[in-house]
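>>> whatever this is, show me its structure:
(chains A and B)
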Amino acid sequence: MEGKEHAQTPRLPSNSSDLIDDLLISILARLSPLEIICTSMVCSSWNRIVRSSSHSRRAEAPWLVLPSETEEGADVDGCHFFNVEEPREKTKIYKLKKQSIQEFRKVAVHRIIPWMAHSLRS
Amino acid sequence: MASSSSSSSCSSSSEKKITLKSSDGEALNVEKNVALEFEPAKGFLEDNSEEADDEAIVVPLPNVSAAVLSELIPYVKQRLELSAKPVQKKLIKAFDDQFTRHLSDDKLGELMLAANYLGVNYLLDVLCDVTADRIKNKSVEYVREFLGIQNDFTPEEEAELRAQCPWAFEGVDQD
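Model prediction:
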């Protein structure tokens, strides 16, 4: 049989750009809300999946949102937040400037981190 | 070398061999119990159950290359042996870790697609864990490169997305 079965047989893509939605959803389920937001900027199809609520986030504790430090030299506006589940030495603190809060709420209410949008309601 | 290997608890079906045909036309011989772990092969074997001689059956797997199959087959085989024994979960985890630790990013993607197509869910779970770990806390650019994804946003769209949450881009690992 020398007739090559040309394009008839679908081959795996050489890269994984065709990662199908199911797989992406499985991967998203393993990421934290913030990581999911980053992920939504990878390309439009990921963005669509993140914004649709078809992926179920793993259960996790709400992040702690604190007002900004008032110490001299520090940001007075805005707030900080961090994931209480992260091990102490690896805890990353995210800063959110006051002018970003409204914008951020728009993103947050896309069912990604609704509790966070809630905590930011002034 | 008497082949009385210690797998006494295995059923006799494990002795039978099935031929899998890869997307690139290679024929691979596997034990029937391994082939049955692959959903499309299982379906094919059920549909062709009237065929008396298993050895004569050739199962086409047009979505998986021989290179990927020859990584999957030993994994599935060993995994089956492990889960046949009353082993601790820790051992299975160690085995999975060992299998995934040295996978290149490309290989990881290929195996993930193959495991998904073949319905090998325990492997798919592990591979998704590894992928999630590898893209955690990385820049958007890194994730794109890692998964070979084209950025299809216009510069305006991307700028808008970034403006929505600038904090998401601070403090990520560079590679």
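>>> break the chain down into its structural domains.
No chain was given, so I picked chain A. Chain A breaks down by automatic domain parsing into domains covering A:19-54, A:61-122.
>>> if you could check chain B rather than the one you did, that'd help
Using automatic domain parsing, the domains assigned to chain B come out as B:12-135, B:140-169.
>>> pull the distance from the longest helix along chain B to the chain's centre.
Longest helix of chain B, by residue count under DSSP state H: helix B:66-84. Relative to its parent chain, helix B:66-84 has a centroid offset of 9 Å by Cα atoms, centre = their mean, to the nearest Å.
>>> buried residues in that helix, which are they?
Neighbour-count burial for helix B:66-84, counted by 16 or more other Cβ atoms under 10 Å in any protein chain shown, picks out B:Ala66, B:Val68, B:Leu69, B:Glu71, B:Leu72, B:Ile73, B:Tyr75, B:Val76, B:Lys77, B:Arg79, B:Leu80, B:Glu81. Placement of C-beta: from N, CA and C, glycine included.
>>> is B:Thr19 in contact with B:Glu31, as I believe?
No: using Cβ atoms under 8 Å, B:Thr19 makes no contact with B:Glu31, being 11.5 Å away.
>>> with neighbour numbers in mind, choose between those two.
Neighbours were counted for B:Thr19 and for B:Glu31 using other Cβ atoms under 10 Å in any protein chain shown; B:Glu31 has more, 19 against 16.
>>> tell me how far that one lies from chain A.
Going from B:Glu31 to chain A by Cβ to the nearest Cβ, to the nearest Å gives 24 Å.
>>> specify the beta-bridge partners of that residue.
Under DSSP bridges, the beta-bridge partners of B:Glu31 are B:Lys17.
>>> per-residue pLDDT, it?
pLDDT recorded at B:Glu31 is 92.
>>> equivalent analysis for the one 4 residues further on, please.
Residue-level confidence at B:Ala35 comes out at 93, pLDDT.
>>> in contact with it, which residues?
Shown in contact with B:Ala35 (Cβ atoms under 8 Å, 6 or more residues apart in numbering or on different chains): B:Ile18, B:Leu20, B:Ala41, B:Lys42, B:Leu45, B:Val59.
>>> name the nearest residue to B:Arg134, sequence neighbours excluded.
B:Phe146 (6.5 Å; Cβ to Cβ, 6 or more residues apart in numbering or on different chains).
>>> which pLDDT value goes with the one you found?
The model reports B:Phe146 with a pLDDT of 80.
>>> now name the helix or strand holding it.
helix B:140-147 (DSSP states H and E).
>>> over to A:Leu23?
For A:Leu23, the element it lies in under DSSP H and E is helix A:21-28.
>>> right, and the helix or strand after that helix?
Criterion used, DSSP H and E; the element after helix A:21-28 is helix A:33-39.
>>> and that next one with chain B, contact?
Yes: shown here: helix A:33-39 in contact with chain B (Cβ under 8 Å from any Cβ of the partner chain) through A:Leu34, A:Glu35, A:Ile37, A:Cys38, A:Thr39.
>>> is the second one in contact with B:Lys136, as I believe?
Yes: when contacts are counted by Cβ under 8 Å, A:Glu35 is listed as touching B:Lys136 (6.0 Å).
>>> of these two, who's got more company?
Per other Cβ under 10 Å, whichever of A:Glu35 and B:Lys136 has more neighbours is A:Glu35, with 20 against 15.
>>> how close does that one sit to B:Leu69?
The gap separating A:Glu35 from B:Leu69 is 32 Å, by Cβ to Cβ, to the nearest Å.
>>> now the helix holding B:Phe146: buried residues?
Using 16+ other Cβ under 10 Å as the test for burial, helix B:140-147 gives B:Val140, B:Tyr142, B:Val143, B:Arg144, B:Phe146, B:Leu147.
>>> nearest to B:Gly119, of those?
Closest approach between those and B:Gly119, by Cβ to Cβ: B:Leu147, at 21.8 Å.
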